[in-house]
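Undergrad: Sequence and predicted structure are below.
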Amino acid sequence: MSLLEVTNLTVATRHGRELVTGVDLAVEQGEWFALIGESGSGKSITASAVTNLLAPNLVRRADALRFDGADLLGLPERDLRTIRGDRIAYVFQDYQSAFTPYYTIGNQMHEMLRSHRSMPPVERRQRIEASVEAIGLDPRLIGRYPFEVSGGQLQRLALASAVLLEPTLLIADEPTTALDSWSASIVLDELASIKETTGCSILFITHDLRIMNRYADRVAIMQHGDIVERGSKDAIVLRPGHPYTRDLLASIPPLRATASRLPVLGEPARLTLAPRERPTDGAAAAEPVLRAQGLVKVYGTGTRAVDGVNLTLRKGGCLGLVGESGSGKSTLARCLLSLERITGGDIWLRDQHLNTLGGGPLRAARQRMQLVLQNPHASFNERLPIVASLLEPLECIGRRSPSFLDVGEDPRTVAAALLDLVRLPADYLDKLPAQLSGGEKQRVSIARAISTEPGFIVLDEPTASLDVSTQARVLNLLKDLQDALGLSYLFISHDLSSVHFISQHLLVMKDGRVVDEFDRSGLFDATRHDYTKQLIELFEDLPARA
């Protein structure tokens with residue numbers, strides 16, 4: 001008998017729209033089972049349905065839903081609450097919601113133990129400290145509030161909290177999506193260690209096929225609320241049978257090859273917008289759009305967030321900046337955009353010495369820069385329709401339409417043409433941001449950024465919160481727009497494969513410094529920095545398919 005058995009599970013809204021249709025899966029004792037799929041495929045709803053952690057407007061039905069021989073369908077809510085956290089534990093993608101900001105982390109861990117175990121306070125504290133030490137963190141962190149620790153530390157503390165009661169089944173729902181690759185690898189290694197030590201089973205939900213390849217025993221691929229393929233990890237990677245599985249595998253940017261485009265099922269052809277005039281002279285084409293020399297940013301505490309960085313972004317090129325969280329990437333971006341004053345060094349935008357400007361000249365220079373953020377949900381006013389958000393940058397600089405659009409000056413026509421560039425229909429103009437998916441919002445963010453025809457665009461982790469095929473579509477779109485409009489990008493990410501795919505030149509940052517710099521073709525040179533080699537190991541290509 002399997003530890004978890006799900007037979008013909010259906011989850012639907014109260015109006016009858018099915019979100020999950022006829023799902024069958026079985027998780028064995030001590031197994032790492034991966035459930036793979038895009039955003040909206042039904043993965044998280046399936047996981048939540050196991051212990052009925054569904055929204056009030058959703059209804060689950062199943063022929064069987066058994067855990068360790070117990071019928072979860074027939075259990076009253078009181079008994080389900082006992083099982084949750086005790087024998088079945090969850091670790092969610094949004095690690096910040098795992099803790100309330102008003103209490104210390106330790107206080108909330110004590111509360112969990114008090115709810116499920118009868119033991120003296122001293123013994124509770126010893127167990128909590130042992131659990132935190134087991135994930136490689138200082139036990140003194142439990143005395144802090146959630147906002148006083150980093151994102152990576154908070155996710156690991158959420159994991160420590162989930163395994164406090166030594167659950168039989170751990171359901172991990174995208175627990176590493178918001179983490180940089182280095183922090184994610186630490187969390188995953190700790191999960192694997194916990195599985196080996198305690199013998200628990202893991203139902204791991206993700207869109208990252210590299211995680212599947214590194215850790216999973218068996219895999220199920222989910223699309224549109226149904227499981228379309230299942231099997232061992234090796235069978236899925238080497239001999240995928242379903243077109244959707246092959247599409248997911250092909251969407252991963254390769255490290256050991258240079259591709260001009262990622263194959264994505266159903267994606268339209270390249271943009272047909274005629275290229276703008278480019279300089280024919282080679283020297284003019286290589287003209288620096290942005291330069292920084294000896295850039296330093298020191299905060300009041302003496303922390304050198306950026307320490308002596310030099311960089312050059314060429315016209316029409318893409319400079320990639322890769323590093324883990326806390327390496328100084330985003331601080332460097334804010335300095336380059338003049339959103340923060342630098343402590344030392346120099347920045348030039350074309351021939352303008354940026355860090356000597358102030359007032360009106362600085363505001364004018366900022367009009368030639370744009371930023372696309374990691375979190376597309378935070379990039380919009382939720383009360384304004386998309387058309388208003390799209391046109392706002394043009395209104396701010398006193399223009400009616402970008403020069404690359406030949407559609408006149410009617411605001412709605414201009415906005416519709418911008419949406420068309422990022423392959424979104426005109427009927428999205430009157431939608432609110434909440435009605436768009438994460439990938440759609442990111443496309444609107446890109447359309448808004450290019451509308452002012454900036455000298456360069458900073459793309460700060462633009463694909464970090466997107467699933468693998470949506471990432472591929474956004475990366476293809478960015479390349480198409482660059483080819484059509486001659487855009488210059490500073491592409492910031494912790495994902496080495498994405499940076500390698502889109503950039504011609506790469507910088508690797510660690511602890512505020514650039515520790516490695518090379519052209520894309522030199523990624524695997526023996527001279528690479530040890531830190532770069534560690535990143536390469538994390539993003540190594542999947543095995544070649546048969």
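TA: Great, that's in hand.

Undergrad: Excluding residues flanking it in the chain, which one is nearest residue 146?
TA: Of all residues not flanking residue 146 in the chain, residue 99 sits nearest, at 4.2 Å (Cβ to Cβ, 6 or more residues apart in numbering). Quick note: C-beta positions are derived from backbone N, CA and C, even for glycine.

Undergrad: Residue 24 now?
TA: For residue 24, the closest residue by Cβ to Cβ, 6+ apart turns out to be residue 7, at 5.5 Å.

Undergrad: now the residue nearest to residue 146: how far from residue 125?
TA: To residue 125, residue 99 is 17 Å away according to Cβ to Cβ, to the nearest Å.

Undergrad: So what touches the host helix or strand of residue 82?
TA: Here residue 82 is covered by helix 77-83, with elements defined by DSSP states H and E. Applying Cβ atoms under 8 Å, 6 or more residues apart in numbering, the set of residues contacting helix 77-83 from outside is 51-52, 67, 70, 72, 75, 116.

Undergrad: Weed out the non-buried ones from these.
TA: Buried residues within the contacts of helix 77-83, defined by neighbour count using 16 or more other Cβ atoms under 10 Å: 51, 67, 72, 75.

Undergrad: In strands only, show me these.
TA: residue 67 (DSSP state E).

Undergrad: tell me which of the buried ones among the contacts of helix 77-83 is nearest to residue 478?
TA: Proximity of these to residue 478 was ranked by Cβ to Cβ; the top entry is residue 51 with 40.3 Å.

Undergrad: mind checking how far residue 287 is from residue 349?
TA: From residue 287 over to residue 349 the distance is 12 Å, taken as Cβ to Cβ.

Undergrad: the more surrounded of those two?
TA: Between residue 287 and residue 349, counted using other Cβ atoms under 10 Å, the more crowded position is residue 349 (22 against 13).

Undergrad: My read is that that one contacts residue 454, right?
TA: No - contact criterion Cβ atoms under 8 Å: residue 349 and residue 454 do not qualify, at 10.1 Å.

Undergrad: Tell me the residues that contact both of those two, please.
TA: Common neighbours of residue 349 and residue 454 (Cβ under 8 Å, 6+ apart) are 368-369.

Undergrad: hang on, the earlier thing: which member of the buried ones among the contacts of helix 77-83 is positioned nearest residue 476?
TA: residue 51 (39.0 Å).

Undergrad: now that closest one, nearest residue through space, not along the chain?
TA: Distances taken as Cβ to Cβ, 6+ apart place residue 84 nearest to residue 51, at 5.1 Å, with adjacent residues excluded.

Undergrad: do the same with residue 466
TA: Take residue 466 and drop its neighbours on the chain: the residue closest to it by Cβ to Cβ, 6+ apart is residue 439, 5.4 Å away.

Undergrad: Touching, residue 145 and residue 101? I think so.
TA: Yes - under the criterion of Cβ under 8 Å, residue 145 makes contact with residue 101 at 6.2 Å.

Undergrad: Looking at these two now, which is surrounded by more residues?
TA: Summary of the neighbour comparison: residue 145 and residue 101, criterion other Cβ under 10 Å, with residue 145 having more neighbours (14 against 9).

Undergrad: So that one versus residue 526, what's the distance?
TA: Taking Cβ to Cβ as the measure, residue 145 and residue 526 are separated by 46 Å.

Undergrad: care to break this structure down by domain?
TA: The record's domain parsing of the chain by automatic domain parsing lists 4-250, 289-368+458-465+488-541, 376-453.

Undergrad: Make TSV from these and add distance to residue 262 to it.
TA: Converted to TSV, the domains of the chain look like this (distance: least, Cβ to Cβ, whole Å):
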stretch	distance to residue 262
domain 4-250	7
domain 289-368+458-465+488-541	7
domain 376-453	14
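
Undergrad: Let me have those in TSV, extended by mean pLDDT and distance to residue 263.
TA: What follows is the domains of the chain, written out as TSV (pLDDT from 0 to 100; distance: least, Cβ to Cβ, whole Å):
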stretch	mean pLDDT	distance to residue 263
domain 4-250	89	5
domain 289-368+458-465+488-541	91	13
domain 376-453	91	16
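
Undergrad: Of all these, which one is nearest residue 258?
TA: Nearest to residue 258, of all the domains of the chain, is domain 289-368+458-465+488-541, at 6.6 Å by Cβ to Cβ.

Undergrad: got the end-to-end distance for that closest one?
TA: In domain 289-368+458-465+488-541, first residue to last residue: 33 Å (Cα to Cα, to the nearest Å).

Undergrad: Residue 337 - nearest residue in space that isn't next to it in sequence?
TA: In space, and not counting its chain neighbours, residue 337 is closest to residue 369: 5.3 Å by Cβ to Cβ, 6+ apart.
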